[in-house]
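> coordinates for the following, if possible.
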Amino acid sequence: MKAVRPKPGGPIEVYNLASDPGEAKDLAGSRPELAAEFEKRLKEARTVPRQQKEPPHPWWEARS
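Numbering: from 1, shown residues only. This is a model prediction of the structure:
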C-alpha cells in the first residue's frame with residue numbers, strides 16, 4: 001500500500017501497489033478506513049523542522 005498527499009493540506013490518495021503498480025486507482029474513497037489510518041500515521045510522523053543555522057557567507061551579505 002502507498003499513501004500520498006499531492007498537495008499540502010489536500011486529501012490523501014491510497015494505492016495498492018501490488019495490484020496497481022501504475023497508481024491508476026485511488027482507494028481512499030472506497031476504503032476510508034485506510035485513508036484514516038494513513039492520515040493518522042502521517043500526523044504522527046510529522047515533526048517540527050529544526051531551525052537551520054547557516055554560516056556567514058560573503059555572497060549572501062553582498063546580495064542584501
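> which stretches of the protein have low pLDDT?
Residue ranges of the chain with pLDDT under 70: 60-64.
> where do the helices sit along it?
In chain order, the chain shows helices spanning 32-45, 58-63, with DSSP state H as the criterion.
> out of the ones you listed, nearest to Ser19?
Put simply, out of the helices of the chain the one that sits nearest Ser19 is helix 32-45, at 13.8 Å, with distance taken as CB to CB. C-beta here means a position set from N, CA and C on the backbone, and glycine is covered the same way.
> pull the CA atoms of the closest one into CSV?
Listed next in CSV are the C-alpha coordinates belonging to helix 32-45 (Å, rounded to 0.1, in the frame of the first residue of the first chain):
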residue,chain,number,x,y,z
PRO,A,32,-11.9,5.3,4.1
GLU,A,33,-10.5,3.3,7.0
LEU,A,34,-7.2,3.0,5.1
ALA,A,35,-7.2,6.7,4.3
ALA,A,36,-7.8,7.5,8.0
GLU,A,37,-5.1,5.1,9.2
PHE,A,38,-2.6,6.7,6.7
GLU,A,39,-3.7,10.2,7.8
LYS,A,40,-3.0,9.2,11.5
ARG,A,41,0.4,7.8,10.6
LEU,A,42,1.4,10.9,8.6
LYS,A,43,0.4,13.2,11.5
GLU,A,44,2.4,11.0,14.0
ALA,A,45,5.4,11.0,11.7
